[in-house]
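> What follows is a predicted protein model with its sequence.
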Amino acid sequence: MFTDDSPLITPTDHPELETALLGKLDRRTRLAGHLGELEPLAVRIGLVQASLRPRLRQPRLLVFAGDHGLAVDVSSPLAHSTTAVVNDILHSRVPLPVFAHHQGLTVEVVDSGLAEPVPRCPGLLARKIAHGTRNCRVAQAMTLEQVHAAIRAGMEIVESMPGNVLGCAGIGVGSHEASALLISRLIDVPLHAILRSGPAMEATELDHLVSVLQAAQSRHTGIDDPVEALAAFGGFETAMMVGAMLKAAERRSLLLVDGLSACAALIVAAQIAGPVADYCIFCRSTEHAGLDAVLDSLESTALLALGMNSIDGTGIALSWPLVSAAAALLSDVADTVEPLPPQQLRTEDPVAEAPVREFLRTLPSTPDF
């Protein structure tokens, strides 16, 4: 399914356009002075849109939610349930939706695989694949058919969305540990490096998590295909983000990625279609040391680090004004002399959609719950 010679995603590399973007920024900074990290961010946005005047429209933040069978082995009985967190987001009892609203971001929670029912309400997308995954320590977390259905659902959600900016975050009790297993398998980062939250973490807690997850690793040896690894370890929210990221990059949308689950989804998506990573800007909502280890392995840093320990997606809401400002630096600041770009710098249809549409047709329909 993933061995077609034609690429799913078009790379953003364009030396001539990059030179033109840098020249445009140089003219800006001669008058205003250098603007630090906004300048490479502006170049990234210009390359994503293949334009000297990028326009970011109707930004949307999707928080994908799913439960994990592994949670019985790794979470405290007193832990806040995933459904409770979802309800807190939907009813603005946590900062994430409030921050997003103030920044002009549309927030929706996607029920990818919650174990408990959530009443239909504004801001909730019901795309449940199943009522939580199985425990990957004792069985495969998802069937391949479920993974394919989740990827397809993520593609369909983004295909129907307006705008050209997508923020992706995942939540779920057990999601962090399942993501650690998936990342460790696919890019060979040690489990203890991903699981260690920081110097304050008790050694006994880290030892317990490593022991449980090593047992899960041993249960699924010899798997290195990204989709098979995703099926082995979970979860539904991660699989759905894979599809969302692939479709967003195919549409040449900017991707804002926040949290370990979203990073795991990006790693899977990048092993399916490498250039998807070109479209990403990393954000963060937590100072968890394991996220540092993963971002280091991806040779990336988060745009904004505020020392938070909040729900994934909060960092996207707070980073959005900087992203918007970087695009405005190219599109809205007047230029004394604006050279006409060469014809090849602007492509009205920069991405051929046929390969991803063909991939979409190979996946089964989403189960109806």
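Perfect, thanks for sending it. Worth saying up front: this structure is predicted, and the values here are computed from it rather than measured.

> show me where the stretch 51-200 of the chain has strands.
In the stretch 51-200 of the chain, the segments counted as strands under DSSP state E, counting those that start in this stretch are 60-66, 106-113, 124-126, 165-171.

> Can I get these in a markdown table including distance to residue 35 and mean neighbour count?
All C-beta spots, glycine's among them, are computed from the backbone N, C-alpha and C. Below are the strands of the stretch 51-200 of the chain laid out as a markdown table (distance: least, CB to CB, whole Å; neighbours: other CB atoms under 10 Å):
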| stretch | distance to residue 35 | mean neighbour count |
| --- | --- | --- |
| strand 60-66 | 25 | 29 |
| strand 106-113 | 28 | 25 |
| strand 124-126 | 37 | 17 |
| strand 165-171 | 20 | 29 |
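
> Minimum distance to residue 34: which of the ones you listed has it?
strand 165-171 (25.3 Å; CB to CB).

> average model confidence for the one helix or strand residue 248 maps to?
Using DSSP states H and E, residue 248 sits within helix 236-250. Averaged across helix 236-250, pLDDT comes to 97.

> ok and the helix or strand just after that helix relative to strand 165-171, angle-wise?
Moving toward the C-terminus from helix 236-250, the next helix or strand (DSSP H and E) is strand 254-258. Between the axes of strand 254-258 and strand 165-171, defined by axes from the mean of the first three to the mean of the last three CA atoms, to 10 degrees, the angle is 20 degrees.

> chain center to the helix holding residue 248: distance?
Per CA atoms, centre = their mean, to the nearest Å, the displacement of helix 236-250 from the mean C-alpha position of its chain is 8 Å.

> And stretch 83-102, by the same measure?
19 Å.

> average pLDDT for that stretch?
97.

> what comes up buried for it?
For stretch 83-102, burial by neighbour count (16 or more other CB atoms under 10 Å) applies to 83, 85-87, 89-90, 94-97, 99-100.

> wait, what's in contact with the residue nearest to residue 11 when sequence neighbours are not counted?
Closest residue to residue 11 apart from its sequence neighbours, by CB to CB, 6 or more residues apart in numbering: residue 275 at 4.1 Å. Shown in contact with residue 275 (CB atoms under 8 Å, 6 or more residues apart in numbering): 7, 9-12, 249.

> got CSV for the strands of the stretch 51-200 of the chain, with mean pLDDT and distance to residue 331 too?
Formatted as CSV, the strands of the stretch 51-200 of the chain follow (pLDDT from 0 to 100; distance: least, CB to CB, whole Å):
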stretch, mean pLDDT, distance to residue 331
strand 60-66, 98, 20
strand 106-113, 98, 21
strand 124-126, 97, 31
strand 165-171, 98, 14
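
> that older thread, only the buried residues of the helix holding residue 248, if you could.
Within helix 236-250, the residues that count as buried by 16+ other CB under 10 Å are 236-250.

> residues near residue 197, how many?
The local packing of residue 197 (other CB atoms under 10 Å) involves 19 other residues.

> lowest-confidence helix or strand of this structure?
helix 354-361 (a mean of 51; mean pLDDT, DSSP states H and E).

> related to what we said a few turns ago, now do the SS call for the residue nearest to residue 11.
Classification of residue 275 by DSSP: H, G, I helix; E, B strand; the rest coil places it in helix.

> Reformat the buried residues of stretch 83-102 as JSON lines; add distance to residue 62.
Below are these laid out as JSON lines (distance: CB to CB, whole Å):
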{"residue": "83", "distance to residue 62": "18"}
{"residue": "85", "distance to residue 62": "15"}
{"residue": "86", "distance to residue 62": "13"}
{"residue": "87", "distance to residue 62": "17"}
{"residue": "89", "distance to residue 62": "12"}
{"residue": "90", "distance to residue 62": "13"}
{"residue": "94", "distance to residue 62": "16"}
{"residue": "95", "distance to residue 62": "18"}
{"residue": "96", "distance to residue 62": "12"}
{"residue": "97", "distance to residue 62": "13"}
{"residue": "99", "distance to residue 62": "15"}
{"residue": "100", "distance to residue 62": "11"}
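
> Which pair in the residues you listed has the greatest spatial separation?
Farthest pair in the buried residues of stretch 83-102, by CB to CB: 83 and 99, 21.9 Å.

> picking up where we left off before, of all the contacts of residue 275, the one with the weakest confidence?
residue 7 (45).

> follow-up on the earlier one: for the strands of the stretch 51-200 of the chain, which one sits closest to residue 149?
For those, proximity to residue 149 was assessed by CB to CB; strand 106-113 is nearest, at 10.4 Å.

> List of residues touching that closest one?
58-67, 86, 89-90, 96-97, 100-101, 118, 123-133, 150, 153, 157, 235-237, 239-240, 313, 317.

> That one pairs with which strands, parallel or anti?
strand 60-66 (parallel), strand 124-126 (parallel) (DSSP bridges).
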